Every structure is written in structure tokens, then in C-alpha cells.
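> only geometry, no sequence info:
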Ligand code: SF4
């Protein structure tokens, strides 16, 4: 997927000013997630859990190569094909070979952020494959031609009425159809796709090295269907998804579901060890299982002495839900698959800092995300690391640099500083309004009152 | 370049970069299992050590599932006869004993009104039934209503115990079903029965294993 | 006991009266207050924007100014957090870090004060928790308890711990988002006569937005309310 982060401010403004309903929908949905998460952790020792989860993921990452080889060996033993891809175009080539050789015409796809990262749908379509997103939220935005707005709830920015309109146009449902009726229409259409598709595509929440298991959490059943009904299943798995042991999985399944939606574990979980059907001794299931292990910037991020911790992320979305910046716009403002706090640290790490600016700055540094991350990623610190690097590499604005330079040189000269504080109060308001930064301030806020003495003056006069 | 050559080259380069990245890093120890000190009430709350079936029932009901407890096989058969009345056809998983199959015409999973499975286990902690792909997945997924038999003795307290019990003989896919299929993707309004079964009934067999 | 007041740059310029109230309050509690004249800015704006050398220069300056102080008390949560939590990352031996306190925190945790007076009898207030006081200093109950002990009713506010949208340069780099955040705070405000906060930046943000929207509620620094609590003088 192309990155459009540069336009963050303009897109954010547009969403806030022109589509206030998006802000309302995102606020309502994230608040529900936040409340449910809080309830789910209310009686638990959340700190102990997140400390444990942090260490398991850090351990897995610090032994990543061995664990990847172990997972590969287990999968191959069970008859799966394991592919490795460094980049999006590697993934494309792997898919192209499979769909050509097998004559794939129709694919059903379960939600996968990694597939968004590498622009899989447009590529498959260019190969003549019809792709059906089967997660209801993904299906809605696929009809609308939009990218996901949230890593867990891709369509949280859409209202009931938005869905009514597009379903009316595309599926012929009544303009005032109930949510149940809309869901039924989507189910009927997608049920047919499940039964006739040659290929099912999924992501993977976890890859267990010890057993080669790909674990997936969901609520609708579309992942189970995508990975069970078509003849071929391809799972796209980021190399950072590794868990060492089968015994680690139950806790991660629960921690992830609770953090994401507050559910104990999600309505359906799939743990896939190999193909089913004829090569195995099972009555059905895909005859071929392909697992594509994708790097796409991850190994480079792993080498980063500070920013690597972002790789622990389990994509629960808790940091988005709690983020007051994210909540004003939803994910589209960020111009990158991963939005919100995690997007601000994954973007620069996976794609590059220059390409994803100003995402690390799209945060008020309130720190709320650090409190909810189930794998204790120090998100505010990492945002700050990327800010530092942006400054060091000269990627921030000249105005900002001069203003802060001026502040520093006055702040280290106390007399000058005292004088400047006093002098600021003498500047006429119209001048102030036109100074850079104050202009942005004044566009929606009254400027601070500058009249009256400074504290220094009060102190010198004597405080009674 | 062929798909295999791409993959082989990528494999070498990825593993090489990963190893190099980790060379400088202090390896982190695996913390082992979650310390016992966290239980009870345990990291996920007291899942009802004394009454796993009761806890299982509470959790599954909370997620929108239905639960019946049946004292023995005779009671089960009687209940099944009554239950089956509202359906016209059934698709039954491999391994469901004859005695626990409803007397309904068999149909393809995609056509059947009811799917019947036997769970290989259950977890009280999460209200989950553990299903194996060995019995066939379509009857678990395609019919709109899913009846799942589970023996009380197979209801484990924690999800960890339930999964550990399957560790030695993992099927192609092991699945957890913990409630009816649902979605809130349409305007944040909850609807059930989206793709998977919209009704899930756990029938718990309390008697001793025959 | 002697404490040094670090008024902070915003406090000096925009909240001089409140800083004077902090001095009055501390003196009334038998604390000697001094005001090292060479103090300037803690460096937070530069740090926050990622300008490390500049932040370090200001931190070094500030650490030197307060090198001999037993306690440094700040009427600002985020600047106190800067000294306590960030200086150790910028300076080699930041002794000033462990001696720095936000005002309410100092009163409750160091002076062990539980009541100041009864000067806020019958007042209906809302309290805005600045993010850094709350999450870095973990100051949550102290200011609320002090205000309540003087008779104020702190009216529950569902958004009281949510960021106001100030965020230093964030306020001018993403002004539309910043303002939308302030609006969320204002839109959920309960029926109160005054909103109180220990953070100058938050007050400028919320007050600036409220005035622009014509919301007639005053936004006031905690130090002033605490002095009213003690003195009964508004
Ligand atoms: S960074 Fe943490 S909170 Fe955010 S999505 Fe990843 S795991 Fe969840």
C-alpha cells in the first residue's frame, strides 16, 4: 500500500471539519472497546500478565532465527509449503506462481493487516483473481474502496446508514434495511464465495515454533471458513509473530482478545498445523497449505537498538482505542496501514522515517497508550526516539528549529530571559497573531493573555 | 526468477539479517509458565476450580451460547429427540456416536439445518469448546445451528489445560468455539450468525464415560 | 524548611498571580521560599519536539540553578515530571531530579498536609489531570484531596484524565486535532463554576478554546485555588 503520511494534517483537518460523523463513530466505537477492555482486566493482575507477555515476546525475538527454522520444520513435516518473502514484491511473486499453477480464479480473504501492508488485493486482481474480503467490516470498506481505519475494527468509522447506502447500491437491499438484514445479505453473497473459491487467504496472529501452529482469533467465523473450505489456503505471517511454545499460546490468545475487545478469547480460534483433506487423513480441509513468512522491514527494525521493541506488538488495537489523537480522526488521517500510536512507531521502523513523517509527531505525548499495551511496548518513548532522529536528520521545519534555538539561547541567559518574558507582554496582539506558530494557535483558540507583570516583577516588588 | 528461488534467497537473507541483528542483543530468557502466585484467583480470574462445568456454562452463556446438562446417555437421547424436532436435516461430524446422532435426514453441511459435533475438550476459563478437524470442519461451520457434545470430564479449568491435553495429537486444525458467530461491524450494532453458526449449543454429558 | 520555587516559563509569564499564591501558601505553612533568579525554562518544549542538545542545555542550566536547593517545588505538573523523569536521561548526575515536586504532591507527600483550611466551602469545581502529572509523577489523588478537604465539591467528569490536546508543539503542528481534543473536554464538562489544573499548558489550551467558543467558565491554576482554600480569600 502506498504511504500518504505527509498529508496527515490536511487529512485530519478534512475529517474533523468535513465529516464530523466519522469522529463521532470512531469516538463511540473506541469508547466501547476501552470500557470492555477495562472490565475484562478489572479483576486480574494485568501488570503481571503484561510483564510475562513482554518477556515471552522479547525472548522469541531475541532467538528469532532459531524459532523461525523450528516453525518451518514442523510445518514442512505436516505437509505445508513454507515460503519466505523479503519484500512486498516477493510476496506478489509467490502468489502469482501459486495462482497461475493452480488456475485460481476466486479467492476468499480473511482480515490481514499484513496483506494491506503489501497491497495484496490490487495485485491479485491484476492477476485476474476475484478477491472477496469476508470479514464483514473489511467487506464493507472493500465495497467502498477504502483502506481499514482500525486494526481490529476496519469499518469503525462507518455508521449503520453508510452501510445501508452501499449495500442498497451494490447488493440491492432495501434502503432502510435492519443490521440483521444487511448481515444476511453479505452472508448469502459471501457464503457462495466460500463454497466456490479455489483459494482462502488469511493472516496469522501467532506462529508457535514448537508445533508450527498458526493461530488466528476472530468473531464471525470467516477465518475458519476461509482456512477450511477452499482447496488451497495461504497464510501470510510476519516473521515477528513467533511464540516459542504451545504452552505460551493460551495466555497470548486471552491477553490479545481481552486487550482488543474485552472478550475472554474471541468466538472462534483456529490453530492450524498443516493441510487437511486428502494428504492428511481428514475428511475435509484444504489440500494445500502455504505459509508465507514475510519480512518487509521487520529484520531491519529488529536490528534497531531502540525501536525494535515495536516488534512485540500483537495488533490488539488497545493503544488506538485509548489514544485521544486517534479518536478525533480514525485511521485514515495517518495515510498508512497502521495508524495511531503503534503506527507512529511501526511506520518509521518498517517503511522509513522520511516516508512516514509526521507520524511520530502525530501524538500529544499524553502517555495513555503505554498503560494499556499488553506487551509493554514503551510507545511514548519510541515515538520520542523517532522525533529525535527526525531532528538529527534535519527533517523537521526550519521555523521550529529557529524558535527552539531562540528559546535555548535565551533560556541559558537568565537576564535576557527575564527581559524577554517581560517584553512579550508589550507586543501588540495583532503582531503576535501573525508570528509563526501563534498563527496556528490563534486559528481556533484565543491567544494567552500577556498583560500584567511577570512573576519576577511580583517577586521583586515583594509578595505579601 | 522462479517462486522457489525467490523464496530460497529470501530465506537466507532474512535469517542472516535476523541473526546479525540479534548478535549484539542480550538474549532474553523465557519467563516460563505464569507464576503460580497468580492463581487463584489467577491471571484470568478464578475459573471455578471447584466447579469447572458451572464456570464453563457461565462463560459460554455470557457469550451468547446455550448449555444443557444431561445426567446420562439416556437423558441425552431423550433430550436430543425433543431438540431435533425443530430441524429438517442434519450434518454429523465423523466420530459422533450413533446414539448421539439425531434421527433426521442427512444433508450436505452446506444444506443442513443442524450440525452435530463432539468436542475433544473444553475450557471453563474462556467458555470454549475444543474441536478437531479430524471430525470434518464443514459440519462445524456451515449449518446455522451447531450442537456440540462434550463430556463433563473433558471440561478443563483453564484454556492452558485444555490445549495441553491436545498437545500430543494435534489435528490439521484445532479450533475453539466460544460463542455464536457475531459482528459489530455494521454501525457498531451486534448481529449474530454472520458467517459461522448463529446458535451454538453445548450439551454436557455428566455421566461416566461409557 | 526551605524550598526553591521554580515558577517555570509559562508560570512566570502567564500565571504570575498563581505563582505568587503558591509562595503565600507555602509561607503560611512555615516554609521558607526562595526564588533563584537565574531560573528560566526547564527545556520541556525542546525535549518534547526531539531537540535533544537544546533540551540538555536548558536542563543543565536548570540543574545548576537549583544545585543547592533542598526541595524544588513547581506549580506545574509537566515541568515537575520533566525534572524528575526526563533529566536523568539528559544529565549525568541530576540530583535535582529526586528533589523536585509538583506543588500539591509536595504538600501531601512531603509536608504530609491533609487539610489546608475551609476556604472552598460550597464551591463546585472540575479537576483536569495533566497527562504528565498523572502518568509520569503518578499524582492523582493529592490535588483532589486538598481541594475537597477545604469544602469544594469536585464534580465527576468522565474526561478528567483525558489529554486536553496541548502537547507542546503538537498544539500548533496539528492544530485541528489539538482543538478537536479540547472540544471533547469542553463538550463533556459537567456543571461547574471553575475548572482547575496544575498545568499551565493545559490551562492555556482549554481556556483559549473555551474563550473562542464563548464558554464562560474560568480555568484556573491549582496554586490559586489551594491558596483560596487556605486563606479563604478569592
Ligand atoms: S502497540 Fe501494544 S497496544 Fe498497540 S496494538 Fe500493539 S500490542 Fe496492542
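Yes, it's here. What you see is a predicted model; the values in this text were computed from it and never measured.
> going forward, measure contacts between C-alpha atoms and count neighbours the same way
OK.
> give me the number of residues near the closest residue to residue A:15 other than its chain neighbours?
Distances taken as C-alpha to C-alpha, 6 or more residues apart in numbering or on different chains put residue A:329 closest to residue A:15, at 6.1 Å, once the chain neighbours are dropped. Other residues lying near residue A:329 total 29 when counted by other C-alpha atoms under 10 Å in any protein chain shown.
> Contacts only, for residue A:329.
A:12, A:15, A:16, A:22, A:23, A:26, C:177 (C-alpha atoms under 8 Å, 6 or more residues apart in numbering or on different chains).
> quick one: which of the residues you listed has the most company?
residue C:177 (29 neighbours).
> what sits against it?
Residues in contact with residue C:177, defined by C-alpha under 8 Å, 6+ apart, are A:12, A:13, A:16, A:325, A:328, A:329, C:165.
> for residue A:90, same thing?
Residues counted as contacts of residue A:90 (C-alpha under 8 Å, 6+ apart) are B:6, B:7.
> Quickly find the element holding residue B:116.
Under the criterion DSSP states H and E, the helix or strand holding residue B:116 is strand B:114-118.
> Around chain B, which positions in the stretch 101-250 of chain A sit nearby?
A:136-137, A:153, A:155-156, A:158-161, A:163, A:179-180, A:183-184, A:187, A:191, A:219-222, A:224-225, A:228-229, A:246-250 (C-alpha under 8 Å from any C-alpha of the partner chain).
> so which of those also contact chain C?
Counting by C-alpha under 8 Å from any C-alpha, nothing from these sits close to chain C.
> Output the residue of the stretch 51-200 of chain A whose distance to the ligand is smallest.
Here the residue of the stretch 51-200 of chain A nearest the ligand is residue A:151; by C-alpha to the nearest ligand atom that distance is 7.7 Å.
> What part of chain A, helix or strand, is modelled with the least confidence?
The helix or strand of chain A with the lowest confidence, counting by mean pLDDT, DSSP states H and E, is helix A:429-434 at a mean of 69.
> got the residue ranges for the helices in the stretch 101-250 of chain A?
Under the criterion DSSP state H, counting those that start in this stretch, the stretch 101-250 of chain A contains helices at A:113-117, A:120-126, A:136-144, A:160-171, A:179-196, A:222-226, A:249-261.
> Please see if the last one touches the ligand.
No - applying C-alpha under 6 Å from any ligand atom, one finds helix A:249-261 separated from the ligand by no less than 7.1 Å.
> quick one: that helix to chain centroid distance?
Distance of helix A:249-261 from the chain centroid (C-alpha atoms, centre = their mean, to the nearest Å) equals 17 Å.
> which residues are in contact with that helix?
Residues external to helix A:249-261 that are found in contact with it (C-alpha under 8 Å, 6+ apart): A:33-34, A:36-37, A:40-41, A:49, A:53, A:152, A:206, A:208, A:217, A:243, A:263-266, A:314, A:316-318, A:372-374, B:159-160, B:163.
> Now do the following helix or strand past that helix against helix A:249-261, angle only.
Counting by DSSP H and E, the next helix or strand C-terminal to helix A:249-261 is strand A:268-272. Put simply, strand A:268-272 runs at 140 degrees to helix A:249-261, going by axes from the mean of the first three to the mean of the last three C-alpha atoms, to 10 degrees.
> could you point out which element follows strand A:268-272?
strand A:288-294.
> Off-centre distance for that next one?
Centre-to-centre, strand A:288-294 and its host chain are 22 Å apart (C-alpha atoms, centre = their mean).
> and whichever helix or strand comes after that strand, what other elements does it pack with?
Later in the chain than strand A:288-294, the nearest helix or strand by DSSP H and E is helix A:298-302. Secondary-structure packing of helix A:298-302 (3 or more C-alpha pairs under 8 Å, 6 or more residues apart in numbering or on different chains; DSSP states H and E): helix A:340-350, helix B:3-23.
> Ok, which of the ones you listed comes nearest the ligand?
Nearest to the ligand among the helices and strands packed on helix A:298-302 is helix A:340-350; the distance by C-alpha to the nearest ligand atom comes to 4.8 Å.
> which residues in chain C form strands?
Along chain C, counting by DSSP state E, strands occupy C:2-5, C:32-34, C:72-74, C:100-102, C:124-128, C:153-154, C:194-197, C:219-221.
> try chain A
For chain A, strands defined by DSSP E occupy the ranges A:81-85, A:106-109, A:130-133, A:199-202, A:206-208, A:213-218, A:232-238, A:242-243, A:268-272, A:288-294.
> what about the shortest one and the ligand, any contact?
No - taking C-alpha under 6 Å from any ligand atom as the criterion, strand A:242-243 and the ligand are apart, separated by no less than 14.0 Å.
> Show me what that strand is in contact with.
Strand A:242-243 has contacts (C-alpha under 8 Å, 6+ apart) with A:56, A:57, A:60, A:61, A:64, A:67, A:68, A:206, A:207, A:208, A:209, A:249.
> Closest one of the residues you listed to chain C?
Set against chain C, the nearest of those by C-alpha to the nearest C-alpha is residue A:57 (24.8 Å).
> Isn't that closest one up against residue A:309?
No - with contact defined as C-alpha atoms under 8 Å, residue A:57 does not reach residue A:309; the gap is 9.4 Å.
> tell me the most buried of the helices and strands packed on helix A:298-302?
helix A:340-350 (a mean of 26; mean count of other C-alpha atoms under 10 Å in any protein chain shown).
> quick check: mean pLDDT across that helix?
Across helix A:340-350, the average pLDDT comes to 98.
> Next one: it, is it in contact with the ligand?
Yes - Helix A:340-350 reaches the ligand (C-alpha under 6 Å from any ligand atom) through residue A:342.
> helices or strands next to that helix in the packing?
helix A:298-302, helix A:318-322, helix A:353-356, helix A:379-392.
> Can I get the ones you listed in a markdown table including mean pLDDT and mean neighbour count?
Listed next are these as a markdown table, based on pLDDT from 0 to 100; neighbours: other C-alpha atoms under 10 Å in any protein chain shown:
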| stretch | mean pLDDT | mean neighbour count |
| --- | --- | --- |
| helix A:298-302 | 98 | 24 |
| helix A:318-322 | 98 | 28 |
| helix A:353-356 | 96 | 20 |
| helix A:379-392 | 97 | 20 |
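> How is the chain partitioned into domains?
Because you didn't say which chain, this covers chain A. Following automatic domain parsing, one gets these domains for chain A: A:5-298, A:403-461.
> oops, chain C please
C:2-110, C:124-231.
> and the last one, average pLDDT?
Read it as domain C:124-231. 97.
> Residues of the stretch 301-450 of chain A that sit close to the ligand?
Contact residues (C-alpha under 6 Å from any ligand atom) of the stretch 301-450 of chain A with the ligand: A:313-319, A:342, A:372-375, A:377.
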